[in-house]
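Trainee: sequence below, structure please.
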Amino acid sequence: MYMLRIEHPVPNYEGWKQAFDSDPVGREKSGVRRYQILRPIDNPSYVMIDLEFDTIDQAEALLAAMRVVWGRVEGKIMMNPQARIVEAMETKAY
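Mentor: Predicted structure coming up:
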């Protein structure tokens, strides 16, 4: 399993969430199996998004699509996006 981790500041979480929910890149069609949105408890103006994929190619393609979207919205609903693709090496539930 591969994860695309995206993180960035948001000037207004509700405005950012509305844009996220509009799904401008078609997450499901792009191969996203699941996602989670995280916010630091001491900074509600920062988000981290984990998007899970079956293949690295799907993750890379979505990241490329996101870079296009970021070019249109940076400074309006989010700033300074950081992203990396990681491979899950081990997961265990208790």
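
Trainee: ok, residue 60 to residue 13 distance?
Mentor: For residue 60, the distance to residue 13 (CB to CB, to the nearest Å) stands at 28 Å. For every residue, glycine as well, the C-beta is placed using N, CA and C.

Trainee: repeat for residue 35
Mentor: For residue 35 relative to residue 13 (CB to CB), the value is 16 Å.

Trainee: and if you look at residue 77?
Mentor: 10 Å.

Trainee: what does residue 28 give?
Mentor: In terms of CB to CB, residue 28 sits 23 Å off from residue 13.

Trainee: residue 77 and residue 13 - which one has more neighbours?
Mentor: Between residue 77 and residue 13, counted using other CB atoms under 10 Å, residue 77 has the larger neighbour count: 19 against 16.

Trainee: give the contact list for that one.
Mentor: Residues near residue 77 by CB atoms under 8 Å, 6 or more residues apart in numbering: 10-12, 15-16, 19.

Trainee: please redo it, this time with the cut-off set to 7 Å
Mentor: Contact analysis of residue 77 by CB atoms under 7 Å, 6 or more residues apart in numbering lists 10, 15-16, 19.

Trainee: closest to residue 39 out of those?
Mentor: residue 10 (9.1 Å; CB to CB).

Trainee: three-state assignment of the residue nearest to the closest one when sequence neighbours are not counted?
Mentor: Counting by CB to CB, 6 or more residues apart in numbering, residue 10 lies nearest to residue 16, which is 4.0 Å off, once chain neighbours are set aside. Classification of residue 16 by DSSP: H, G, I helix; E, B strand; the rest coil places it in helix.

Trainee: over to residue 48?
Mentor: Under three-state DSSP, residue 48 comes out as strand.

Trainee: next, count neighbours for residue 33.
Mentor: Residue 33, neighbours per other CB under 10 Å, totals 14.

Trainee: to clarify, my last question referred to residue 58.
Mentor: A total of 19 residues lie near residue 58 under the criterion other CB under 10 Å.

Trainee: wasn't it part of a helix?
Mentor: Yes - judged by three-state DSSP, residue 58 forms part of a helix.

Trainee: can you say which of the contacts of residue 77 are buried?
Mentor: Buried members of the contacts of residue 77, scored by 16 or more other CB atoms under 10 Å, are 10, 16.
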